[in-house]
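[1] Sequence and predicted structure below; questions after.
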Amino acid sequence: MGRLRNTMLRWLTPPELRARRIVDWESWMAHGGGIENLPAGIDITPDSALALSSVYACVRLLSRTIGTLPAHVYRRSADKRLKEIDRTHRLYPIIHGKPCPELTTSQWFTVMQSHYELRGNAYAHIERDAQGNVLALWPLHPDSVKVERINGKKRYTHTPVNAPAKIYDAVDILHHMGYSVDGFVGMSPIQVCAYSIAPGLAAQIYGGHSFGNGAWPGMVITPPEGVRKWGDEDARAFEQSWNARFQGPQRASKIAVMTQRVDVKTITPTLEDMQFVDTIKMSAIMVARIFGVQPHMIGDHEKGASYASVEQQVQDFLTHTIRPRVVEWEQLFNTSLFTERERDEWFIEFVMDSLLRADTKTRHEAYQIAAGGNAPWLSRNEIRAYENHNPVEGLDEILQPMNMGAAAPQTPSRPKQGNGNEEK
């Protein structure tokens with residue numbers, strides 16, 4: 001490892017943490033879900049962590065992916081074997097259209113999923129009418145929500161900016177809880193993994209200052225031997241004059257005309273010495289690991305990665321990263337928005353087919369098997385619907401191969417009748 005990376009890790013890891021491997025959770029909560037006054041002078045909070053490009057990319061990818069998935073209200077048949085979309089249900093325009101008057105479904109899920117990824121919790125106030133029917137789902141910023149247990153019941157206190165606090169019972173709050181060890185509130189990934197995120201943020205800040213004002217000294221200027229040493233005022237005056245003429249990218253490579261003799265020693269650090277790029281790459285991989293995202297999906301393309309390996313990583317992303325989040329949303333909606341009687345007949349489900357969409361050639365080959373193979377299970381109009389085409393009359397039936405018809409009932413064979421001359 002390079003000197004820069006080792007130095008950063010040493011700065012950012014206090015001795016008590018290296019020795020005991022413990023974290024002061026109460027201190028983190030007191031700081032609003034972040035860590036302040038790290039040894040490197042960096043405060044890690046959900047908001048400040050977004051300044052790290054890899055954190056921003058992960059949160060944007062996850063929130064927008066969830067936000068693009070369509071959700072429908074389905075109704076089960078009487079025998080529970082069939083389901084169909086119920087566009088007449090009162091929840092359908094809320095789940096599929098606008099959860100609240102100010103946000104579309106995509107915007108609503110993007111906001112809520114961002115809260116979930118950064119702070120480990122997402123809250124929404126369930127607005128109901130006098131009959132208890134859901135009218136809207138209003139997102140609440142997690143920093144303004146306090147969760148308590150009073151007399152054995154969960155209670156939420158929402159304190160808006162410049163407004164009095166409001167208290168809600170658990171039935172009036174849609175609480176999407178992230179990974180939790182107590183089942184009460186979720187833990188913020190930024191909070192838990194602050195010491196893993198800090199090196200990347202420190203390196204990013206370091207790089208910005210390095211390119212902005214030359215944080216790494218390019219040279220050392222001293223008076224030659226035999227000349228009176230500079231005092232503090234002389235050194236400061238020379239430094240200010242030099243910086244005014246040559247500091248910054250717009251003044252780079254200008255000719256320096258000296259009015260006095262000085263000794264100049266050039267310092268030229270290399271990328272191998274600084275390990276700057278390696279530190280940034282290591283940070284991106286750590287952040288991707290925290291959010292369960294493959295590095296190539298946030299722009300960190302591994303050298304030599306093939307199309308097949310990337311395709312498999314995308315499938316892993318959908319299976320192990322997106323699918324668990326989708327299931328959490330489905331279960332939360334079904335338990336919070338329906339009554340017990342309704343849950344037996346209606347349910348909410350996301351459609352992930354669009355994310356599993358393959359290239360044109362692969363899709364057509366799959367359709368050929370699904371509609372005309374040895375065991376067809378799709379009609380041609382269903383395939384047209386998958387490709388966003390209107391149905392055509394006469395294509396609703398599932399094709400049946402000629403050699404796969406139902407077997408004709410077998411007639412039991414009768415005993416052969418004798419003519420009375422059989423041997424006894």
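    Everything's here; your move.

[2] Chain neighbours aside, what residue packs nearest to the residue positioned nearest the centre of the chain?
    The centre of the chain sits closest to residue 62, judged by Cα atoms, centre = their mean, with a distance of 2.9 Å. Nearest non-adjacent residue to residue 62, counting by Cβ to Cβ, 6 or more residues apart in numbering: residue 117, 5.5 Å away. For the C-beta atoms, the positions are set from N, CA and C on the backbone; glycine is no exception.

[3] so that neighbour is in which element?
    Here residue 117 is covered by helix 105-119, with elements defined by DSSP states H and E.

[4] Show me what counts as buried in that helix.
    Buried residues in helix 105-119, defined by neighbour count with 16 or more other Cβ atoms under 10 Å: 105, 108-119.

[5] Outside of that helix itself, which residues are in contact with it?
    Residues from elsewhere that reach helix 105-119 (Cβ atoms under 8 Å, 6 or more residues apart in numbering): 33, 46-47, 49-50, 58-59, 62-64, 66-69, 71, 95-100, 103, 121-124, 137, 139, 141-143, 176, 178, 186, 188-190, 291, 325.

[6] if you set the cut-off to 7 Å instead, what comes out?
    The contact list for helix 105-119, computed with Cβ atoms under 7 Å, 6 or more residues apart in numbering, reads 33, 46, 59, 62-64, 66-68, 96-100, 103, 121-122, 124, 139, 142, 176, 178, 188-190, 291.

[7] out of the buried residues of helix 105-119, who's nearest residue 235?
    residue 118 (46.1 Å; Cβ to Cβ).

[8] Distance of that closest one relative to residue 142?
    Distance check for residue 118 against residue 142: by Cβ to Cβ, to the nearest Å, it reads 8 Å.

[9] Check whether residue 313 really touches residue 295, as I assumed.
    No - Residue 313 is not in contact with residue 295 according to Cβ atoms under 7 Å; the separation is 9.0 Å.

[10] For the stretch 151-300 of the chain, which segments count as helices?
    189-192, 194-213, 232-246, 271-274, 276-291 (DSSP state H, counting those that start in this stretch).

[11] Could I get these in JSON lines, plus columns for mean pLDDT, mean neighbour count and distance to residue 368?
    Shown next, in JSON lines, are the helices of the stretch 151-300 of the chain (pLDDT from 0 to 100; neighbours: other Cβ atoms under 10 Å; distance: least, Cβ to Cβ, whole Å):
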{"stretch": "helix 189-192", "mean pLDDT": "91", "mean neighbour count": "24", "distance to residue 368": "44"}
{"stretch": "helix 194-213", "mean pLDDT": "76", "mean neighbour count": "18", "distance to residue 368": "48"}
{"stretch": "helix 232-246", "mean pLDDT": "78", "mean neighbour count": "12", "distance to residue 368": "69"}
{"stretch": "helix 271-274", "mean pLDDT": "52", "mean neighbour count": "13", "distance to residue 368": "53"}
{"stretch": "helix 276-291", "mean pLDDT": "85", "mean neighbour count": "19", "distance to residue 368": "37"}
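
[12] Quick one: these as JSON lines, columns for distance to residue 376 too.
    As requested, the helices of the stretch 151-300 of the chain are arranged in JSON lines below (distance: least, Cβ to Cβ, whole Å):
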{"stretch": "helix 189-192", "distance to residue 376": "46"}
{"stretch": "helix 194-213", "distance to residue 376": "51"}
{"stretch": "helix 232-246", "distance to residue 376": "76"}
{"stretch": "helix 271-274", "distance to residue 376": "59"}
{"stretch": "helix 276-291", "distance to residue 376": "41"}
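
[13] Of all these, which one comes closest to residue 377?
    The nearest among the helices of the stretch 151-300 of the chain, by Cβ to Cβ, is helix 276-291 at 36.3 Å.

[14] so what secondary structure elements neighbour that closest one?
    When contacts are defined as 3 or more Cβ pairs under 7 Å, 6 or more residues apart in numbering; DSSP states H and E, helix 276-291 packs onto helix 3-12, helix 53-68, helix 194-213.

[15] 6 Å instead?
    Counting contacts by 3 or more Cβ pairs under 6 Å, 6 or more residues apart in numbering; DSSP states H and E, helix 276-291 packs against helix 53-68, helix 194-213.

[16] what angle sits between that helix and helix 194-213?
    Here helix 276-291 points in a direction 150 degrees away from that of helix 194-213 (axes from the mean of the first three to the mean of the last three Cα atoms, to 10 degrees).

[17] Run the angle between helix 276-291 and helix 53-68 for me.
    Interaxial angle of helix 276-291 relative to helix 53-68 (the same axes, to 10 degrees): 30 degrees.

[18] would you put the C-alpha positions of helix 276-291 in PDB?
    Provided in PDB are the C-alpha atoms of helix 276-291 (Å, rounded to 0.1, in the frame of the first residue of the first chain):
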ATOM      1  CA  PHE A 276      -4.000   8.600  -5.100                       C
ATOM      2  CA  VAL A 277      -5.900   6.700  -7.800                       C
ATOM      3  CA  ASP A 278      -5.500   3.400  -5.900                       C
ATOM      4  CA  THR A 279      -7.100   5.000  -2.800                       C
ATOM      5  CA  ILE A 280     -10.000   6.400  -4.800                       C
ATOM      6  CA  LYS A 281     -10.600   2.900  -6.400                       C
ATOM      7  CA  MET A 282     -10.400   1.100  -3.100                       C
ATOM      8  CA  SER A 283     -12.900   3.600  -1.600                       C
ATOM      9  CA  ALA A 284     -15.300   3.000  -4.500                       C
ATOM     10  CA  ILE A 285     -15.200  -0.800  -4.000                       C
ATOM     11  CA  MET A 286     -15.800  -0.400  -0.300                       C
ATOM     12  CA  VAL A 287     -18.800   1.800  -0.800                       C
ATOM     13  CA  ALA A 288     -20.200  -0.500  -3.500                       C
ATOM     14  CA  ARG A 289     -19.900  -3.400  -1.000                       C
ATOM     15  CA  ILE A 290     -21.800  -1.400   1.600                       C
ATOM     16  CA  PHE A 291     -24.800  -0.900  -0.700                       C
END
